[in-house]
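Trainee: My questions are about this predicted structure, shown below with the sequence.
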Amino acid sequence: MDTFKASARIINVGDELLKGDTVNTGCAVVASFLRKKGVKTLKSVVVGDDREAIFEALSETKEHWVVLTGGLGPTRDDITKESVAAFYGIELVFDERVARRVEAIYDAQGSAMPEVCKKLAFVPEGATVLQNEAGTASGFLFEKEGRRIVLLPGPVPELESVLAFMDATFEMTTSPHHQGCLLLGIGEADVETGVERIREKHPDVDITLYASAGEVRCLFVSDDSDALKRVRSTFDEAYGEYIFGGYEDTAAGVVVAALKERGMTLALAESCTGGMIAAKVTAVPGASSVFGSGYVPYANAAKEAMLDVDRETLATYGAVSAETVLEMADGALKKSGADIALAISGIAGPTGGTAEKPLGTVFYALAYGHVCETVEKHFSGDRKTIREKAAVFGLTVIARSLRDA
């Protein structure tokens, strides 16, 4: 059963998207936003900064919503607004309020507004201006031919700002009920196996999985709130041990929140991930209250000098071993004065693997109080993928330990 009452097409505009210079993150952001509003994205297309290409994409549209991203800036190649207006036969009119807002942004920076930025103040006639708190290019919303047309800026922070304004200002559609959760320590395929059985018994609830390296998100959508509760109860019973947060949460956010709740501090000792876990933690607002020290002892000599890892341990067991990470974690805990410390060392490749310790082997150690535990994992993929998976699983080790303590 399709629980969505409205459909959408996303048209991402920009030569940089077609050249491979920029990842099309905006599409995912828009589709996720629409989904939560009860609007199902049926198709997404990418076109260059070309009037005819934009015309062609618009001419094929049959959906209720048409959302275009990119091409709203002040430069010559920013032609989305002009192209859309021409396609629908709408005039662009100068909006004094938009002009004053752009001027105010430049005034606050202590500079005069460039002449080319006057282009930003031209608005499709009859359109609602969507405020952008993160940049100068406004978004626009208007109705034409029974459809809602939305123009959004391309840079993701600006796009998100305009969507937030839309969310707070407009009633988009009748949203179905929805819930979501974050799962850690389990793969998408393992979750899908059980979810498929739930779908068969509850066709009135739409269940979708979204996976990234080390994280799986599950979104439940239904018009029937009681059915949604039943499905969520069944899902939680089956996968409760892997559920660590809501749909919008991240592994790092879960760890920071858990540390705050317990009044604990964290230290990290990262070899193969080279500070990636620390970067994820410090990206969470307020992390400074729970994270004090991060060590990156990449070389064996650094492990000895920074964390007092015994040279004999390294010689006997190697840098990638349970014995070494135990000493790394213990050293990080003692030197930092933190309440809990995680250490990680592994083989990310593309070389360095052996029959005993193949590519993707990663050891973790978690030290807290008088307890020190180790975990051995094996990840697949290239160097970048292995390091990302390893970093997220490191956060999972911390989150699980804090929850189970």
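Mentor: Noted; the coordinates are in hand.
Trainee: these two touch, right, Gly154 and Asp77?
Mentor: No. Gly154 is beyond contact range of Asp77, at 11.6 Å (criterion: CB atoms under 8 Å). C-betas here are computed from N, CA, C, even on glycine.
Trainee: okay, and the common contacts of these two?
Mentor: Between them, Gly154 and Asp77 share these contacting residues under CB atoms under 8 Å, 6 or more residues apart in numbering: Gly71.
Trainee: More neighbours: which of those two?
Mentor: Taking other CB atoms under 10 Å, Gly154 and Asp77 do not tie; Gly154 has more neighbours (25 against 14).
Trainee: State which helix of this protein is the longest.
Mentor: helix 383-404 (DSSP state H).
Trainee: what about dumping the CA coordinates of that helix to PDB?
Mentor: Output of helix 383-404 as PDB, limited to C-alpha atoms (Å, rounded to 0.1, in the frame of the first residue of the first chain):
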ATOM      1  CA  ARG A 383      41.200   1.800   2.000                       C
ATOM      2  CA  LYS A 384      38.800   4.700   2.300                       C
ATOM      3  CA  THR A 385      35.800   2.400   3.000                       C
ATOM      4  CA  ILE A 386      37.700   0.300   5.500                       C
ATOM      5  CA  ARG A 387      38.800   3.300   7.500                       C
ATOM      6  CA  GLU A 388      35.300   4.800   7.500                       C
ATOM      7  CA  LYS A 389      33.700   1.500   8.600                       C
ATOM      8  CA  ALA A 390      36.400   1.200  11.200                       C
ATOM      9  CA  ALA A 391      35.800   4.700  12.600                       C
ATOM     10  CA  VAL A 392      32.000   4.200  12.900                       C
ATOM     11  CA  PHE A 393      32.400   0.800  14.500                       C
ATOM     12  CA  GLY A 394      34.700   2.300  17.000                       C
ATOM     13  CA  LEU A 395      31.900   4.700  18.000                       C
ATOM     14  CA  THR A 396      29.600   1.700  18.100                       C
ATOM     15  CA  VAL A 397      31.900   0.000  20.600                       C
ATOM     16  CA  ILE A 398      31.800   3.000  22.900                       C
ATOM     17  CA  ALA A 399      28.000   3.500  22.500                       C
ATOM     18  CA  ARG A 400      27.400  -0.200  23.300                       C
ATOM     19  CA  SER A 401      29.700  -0.200  26.300                       C
ATOM     20  CA  LEU A 402      28.100   2.900  27.800                       C
ATOM     21  CA  ARG A 403      24.600   1.600  27.300                       C
ATOM     22  CA  ASP A 404      25.400  -1.800  28.800                       C
END
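Trainee: for that helix, packing partners?
Mentor: Contacts defined by 3 or more CB pairs under 8 Å, 6 or more residues apart in numbering; DSSP states H and E place helix 383-404 against strand 177-184, strand 243-246, helix 251-262, helix 276-282, strand 340-346, strand 361-368, strand 371-378.
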